[in-house]
Every structure is written in structure tokens, then in C-alpha cells.
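A.B. asks: can't give you the sequence, but here's the structure:
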């Protein structure tokens, strides 16, 4: 397929579609990559997706992928697929900035972290490094020399963070999928607010070495893509033990893509209502959530109500430990280069100084107790579902003004980071003003395959994940 | 907020070697009571009395290079 024939009606919007086109010969990786790079020329100045573009490298990799296809070499669904990498993971072809003036540009220079190396080996075409909140915890700051990321559904809204460029890049069609990281919600928040799918795998399922840390005991690396199926295919590539990460699990990796049966017969789903519908909830949230429950029940799931144990305490433990661990990492730089950090990074990380060492250990004890109690909950259900957030994307001013603690009273991701269980988010509808709403599915440790199966089954009956923001639809319509 | 709260916050920042502006101190002071209530709630979980913390330490050090 030539670039000028990639029109709206036939342009692949999912990795699955693109992978099929590459194998049928209807599409080449060079054409696909060129089209997405051209789109980035037009849209990235609006969305602020990229920190560093690697056009020449990407096109060379696309050419290699096409040659491999021609020679009968097939490395799996991501061969020839343009993707992006959050700019806190080391990649040999470009510097890692963490969107910060602070990080030494020599950090990770010329090296690939395990996840990047695995994606390259799978034939993925990495088009560049993507915008993150500073060190995965700040928020946009116009006084700093980095783009302000925006939400393609409404440019006055935040794309969320911290994997902002991965979320808005997938939604705006600049990349087919990408890598994010999640310490308190940084995969799932941008996935939710940008109307795409995102998976935080079980802690230890994916090696986190080669990535600038935020919270050592909480960091996860995972995929964002338009569909749960595309996330499953990427998890197949990046999951598995690596000796450089001592918290990485030495256990077999499931066949995530192969596990997408489309059937939920007998799966027991717990609905969490207690902690997920605050007063600030969008009026469309409950109807969308109820409709999602009905779809899952129609797919064969048995639905009961549950309450996540120690919800408030676990959320507190998360922020305490995250800020304490972040402060340890940033202590010397914050002391000497305070003003070089983004304002919200300073504000968030400095809170780590308010906790004592004993408080930190007590938070870790709460996490242990919560794990045990949650395991009891999971004896009665196989998945726990809730909204991902109470409303659509906040405005940029709201993001800056609310502070991280207040934001997380209406965003429901942190609990799962603290307990270590996997959680998938998928789009489930829209607010009246056209902002995406999202469904979160939590699973037992190392059972992300079940969450993916449920998310994929849900997406066989719904098309929320295939809706395109006007920004992208207009771009497609205007293409020659 | 009271003077004692502001003093506690300022002392914590000084002890950590941090130098926030007065405006940034005010922001921390404004949320300090909620923060401390959250910390107190952690000690109020009865099941933690004999619980071990969810911390990882292994005697065998990790020497593997992530770039290899």
C-alpha cells in the first residue's frame, strides 16, 4: 500500500489490523512508518508527543522489517509496527531526558534497557522518545524547554501523566502503540484520559532496569495501545525475567495473545462501587459503568459486588512510599538545583521529607496486610472492576492547581500499584463534552492474561477504543 | 494552619536539605493536616501489629548489567 492510499477508511488504527496488512502485502512498514511520521509533522506541534524523533533510524528499521517479511522472517505481531518509548527508558539511538534539565544526558547513553532491547528484537519500529511528566512525577511547566503535552480529544485538557506522550501519541495516531511506566497510575491515567487501552503488569512481570526510577518498590513498565489485544501482543514481547532487576519474577510467561478467547463464561467479576464514585463524578460515569457491566455479563461473566480492603490506607501508603523513594533518588539534586526542577516535581517529591523512616516501614507493613486481605477478596472473584477515574481529563490549570494528592481522590489507579496486582484499563464511553471515560480491571498477581481476555472480549462488543479524536479524523480526511 | 505546623514543615525541609520558597512552604503546610491524618491511619490498621513490611532484600547481590 502506498502512502497516498492510506485514507481514513482503510488506515489501520490498531496494531492487529496493521500486522495483518503487513502480512497480506497490502501494507508495507515503510509506508506505514512514513505516514505516521508525516502525521507527526502536522500534529506533534499541537500534541507535544515527542521529545526526540528518530526518523532516519525508524525508516531504516521499517525497511529491514519489510525485507524480513519478503524473506519469510516473521518475528511476531510487532514486526514493522511504529511505536514510541517513554523518555525515561534508555535507548541507544537517543538521549534520555526524563523531560528534565536534571538528568545527566550521559545516563544510559548508547545503551538499550531490557524492554527496549526486546522490542527491537521483535522487529518493532521505534520512531522516537516520548514526553513524560518530569521524572514521571511532575507536571508541565512552561518555564522549562520541553513541549507541553495536550489531549487530542480537547487541546485545552491534559493528556494525563506521567506517560503523556505515549497516551496522546496513540490517541492522535502518531504511533500505533508505545511503552509507558506506572508507579501510581502513569500508564492507566493517560490511557484513560486519551481514550486508549493500557496495562500495568504485575510488579516484577516486566524488568524495570534501564528505566529512570520514581519509586523503586512501585515502578512498572507496560504497554499502551488502542486495544487490549494490542497490549497483550506487546506484553508477550516485553514480559519475562531479567537478572538486572532483582524484583523481576523468575517464572514462565503466559501466551497473552493466545489467551484471548473472547469468552468470559464462568469468570467471576467483582464490582467496586464503594471507593469509586465520589461527589465530583461525571454524570455519565455511572451509566457508562453500568453499560460496561452489562456487556461483561452478556459475555458470560458472573457479577457480584466487592469492596477493596484498606482502600484509603493503601492509597496513603503508596504516596508516602513513592515520595520517600523519589526523595532518596533526587535528594542531592533537589538540594543543589531546586529551581531546575519543575514546580510540581519539587512540590511532590519534597513531601517525602514529611514522613519518618518509621512511617515508611509502617506503610510497607500496610501494603503487606492489604495484599493478604486482597488475596481473600480474590478467592471470591477473578477480576475486580471499577471506573479508572471519576471524570474525563482535567484542564491543564486544574492539573497544576490541584496537586497530586487531590488529583488522586478522583483517579483510582494507585491502589493497584501498591498491592502489586496487574490492572488493565479500556475505554468505556464519553462524557457529555466528548472526553473519554475508562473501565479498570484488576486481577490476581500474574493473571494479567485474564484481565486482557476480559478487556479484549469487551472490545469485541464495543467500539469505544476505535473512536478517533477529531484532530486525527480531520488529519485522515485531509490526507491526499 | 498554626505556627507549629509551619515550623514542623520548615524543619523537615531544612533537615532534608531542601529550600522551598515561602509559597511552596504554604502549599505543604496547607495539606499537612490531611497528610498527617493519612499517616496516622497507617498505624491504626490492627493487622499490622505483627505484620512484616513488604520490603525486598536478598543476600545475593545483583551484579547483572541491564544493558547486556
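C.D. replies: Perfect, I can see it now. Values in this document were obtained by computation on a predicted structure and should not be read as measured data.
A.B. asks: what comes up buried for stretch A:454-463?
C.D. replies: Neighbour counts over stretch A:454-463 (16 or more other C-beta atoms under 10 Å in any protein chain shown) mark A:454-459, A:462 as buried. For the C-beta atoms, the positions are set from N, CA and C on the backbone; glycine is no exception.
A.B. asks: So which of the residues you listed reach chain B?
C.D. replies: Among the buried residues of stretch A:454-463, no residue sits close to chain B (C-beta under 8 Å from any C-beta of the partner chain).
A.B. asks: Which pair of these spans the longest distance?
C.D. replies: Among these, the pair separated by the greatest distance (C-beta to C-beta) is A:454 and A:462, at 12.2 Å.
A.B. asks: Using the three-state scheme, assign residue A:33.
C.D. replies: The three-state assignment at residue A:33 reads helix, by DSSP: H, G, I helix; E, B strand; the rest coil.
A.B. asks: residues contacting it?
C.D. replies: By C-beta atoms under 8 Å, 6 or more residues apart in numbering or on different chains, the contact list for residue A:33 reads A:58-59, A:61-62, A:80, A:82, A:125, A:127.
A.B. asks: Strands - which of those residues land there?
C.D. replies: Cross-referencing these against strands under DSSP state E gives A:82, A:125, A:127.
A.B. asks: just checking, the first one touches residue A:178?
C.D. replies: Meaning residue A:82. No. In this structure, residue A:82 is not within contact of residue A:178 by C-beta atoms under 8 Å, at 9.4 Å.
A.B. asks: And residue B:43, how far from residue A:353?
C.D. replies: As judged by C-beta to C-beta, to the nearest Å, residue B:43 and residue A:353 stand 19 Å apart.
A.B. asks: the more surrounded of the two?
C.D. replies: residue A:353 (23 against 14; other C-beta atoms under 10 Å in any protein chain shown).
A.B. asks: residues near the residue nearest to the more buried one when sequence neighbours are not counted, how many?
C.D. replies: If you skip the residues right next to it in sequence, residue A:353 has residue B:16 as its closest partner in space, 3.7 Å away by C-beta to C-beta, 6 or more residues apart in numbering or on different chains. With neighbours defined by other C-beta under 10 Å, the count for residue B:16 comes to 17.
A.B. asks: surely residue B:16 meets residue A:350?
C.D. replies: Yes. At 7.4 Å, residue B:16 and residue A:350 qualify as touching, with contact defined as C-beta under 8 Å.
A.B. asks: what touches both of these two?
C.D. replies: Counting by C-beta under 8 Å, 6+ apart, the contacts common to residue B:16 and residue A:350 are residue A:327.
A.B. asks: first to last residue in stretch A:180-191, what's the distance?
C.D. replies: 10 Å (C-alpha to C-alpha, to the nearest Å).
A.B. asks: Show me which residues of it are buried.
C.D. replies: Within stretch A:180-191, the residues scored as buried using 16+ other C-beta under 10 Å are A:180-191.
A.B. asks: what's the following helix or strand after the regular element (helix or strand) spanning residue A:397?
C.D. replies: Element membership for residue A:397, per DSSP states H and E: helix A:396-407. Once the chain leaves helix A:396-407, the next helix or strand it forms, by DSSP H and E, is helix A:414-419.
A.B. asks: So residue A:440: helix, strand or coil?
C.D. replies: strand.
A.B. asks: Chain B: helices as residue ranges?
C.D. replies: Assigned by DSSP state H, the helices in chain B fall at B:3-15, B:22-43.
A.B. asks: just checking, which of these sits deepest inside the structure?
C.D. replies: Between the helices of chain B, helix B:22-43 has the highest mean count of neighbours, a mean of 16, where neighbours are mean count of other C-beta atoms under 10 Å in any protein chain shown.
A.B. asks: just checking, what packs against that helix?
C.D. replies: Where contact means 3 or more C-beta pairs under 8 Å, 6 or more residues apart in numbering or on different chains; DSSP states H and E, helix B:22-43 is packed against helix A:311-336, helix A:343-350, helix A:357-380, helix A:396-407, helix B:3-15.
A.B. asks: is any part of stretch A:193-202 close to chain B?
C.D. replies: No. Stretch A:193-202 lies out of reach of chain B by C-beta under 8 Å from any C-beta, never closer than 14.0 Å.
A.B. asks: distance between that stretch and the chain's centre?
C.D. replies: 4 Å (C-alpha atoms, centre = their mean, to the nearest Å).
A.B. asks: So for that stretch, first residue to last residue, what's the gap.
C.D. replies: Terminal residues of stretch A:193-202 are spaced 22 Å apart (C-alpha to C-alpha).
A.B. asks: so what's the residue positioned nearest the centre of chain B up against?
C.D. replies: Centroid check for chain B by C-alpha atoms, centre = their mean gives residue B:39 as the closest residue, at 8.7 Å. Taking C-beta under 8 Å, 6+ apart, we find residue B:39 in contact with A:316, A:320, A:355, A:359, A:362.
A.B. asks: ok, now how distant is it from residue A:319?
C.D. replies: Distance, residue B:39 to residue A:319, by C-beta to C-beta: 10 Å.
A.B. asks: tally of neighbours for residue 64?
C.D. replies: The chain I'm using is chain A. 17.
A.B. asks: switch to chain B, that's the one I care about
C.D. replies: Count around residue B:64 with other C-beta under 10 Å applied: 15.
A.B. asks: residue contacts, it?
C.D. replies: Contact analysis of residue B:64 by C-beta under 8 Å, 6+ apart lists A:242-244.
A.B. asks: contact partners of the host helix or strand of residue A:458?
C.D. replies: Per DSSP H and E: residue A:458 is located in helix A:448-461. If you take C-beta under 8 Å, 6+ apart as the criterion, helix A:448-461 is touched by A:197, A:199, A:201-202, A:205, A:227-229, A:231-232, A:235, A:254-256, A:259-264, A:267, A:269, A:292, A:295-296, A:298-299, A:301, A:382-383, A:422-424, A:426, A:439, A:441-444, A:465.
A.B. asks: Same check on stretch A:103-114?
C.D. replies: Outside stretch A:103-114, the residues that reach it (C-beta under 8 Å, 6+ apart) are A:89-92, A:95-97, A:120, A:135, A:207, A:209-212, A:242, A:244-245, B:66-67.
A.B. asks: now do 7 Å
C.D. replies: Residues from elsewhere that reach stretch A:103-114 (C-beta atoms under 7 Å, 6 or more residues apart in numbering or on different chains): A:89-92, A:95-97, A:120, A:207, A:209-212, A:242, A:244, B:66-67.
A.B. asks: Among the residues you listed, which are located in helices?
C.D. replies: Using DSSP H, residue A:120 are the members of the contacts of stretch A:103-114 that sit in helices.
A.B. asks: could you flag which of the contacts of stretch A:103-114 are buried?
C.D. replies: For the contacts of stretch A:103-114, a burial check counting by 16+ other C-beta under 10 Å picks out A:89-91, A:95-97, A:120, A:207, A:209-212, A:242, A:244, B:66-67.
A.B. asks: Out of the residues you listed, which is nearest to residue A:373?
C.D. replies: residue A:207 (28.4 Å).
A.B. asks: Please name the nearest non-neighbouring residue to that closest one.
C.D. replies: residue A:242 (3.6 Å).
A.B. asks: Kind regards, and thank you for your time.
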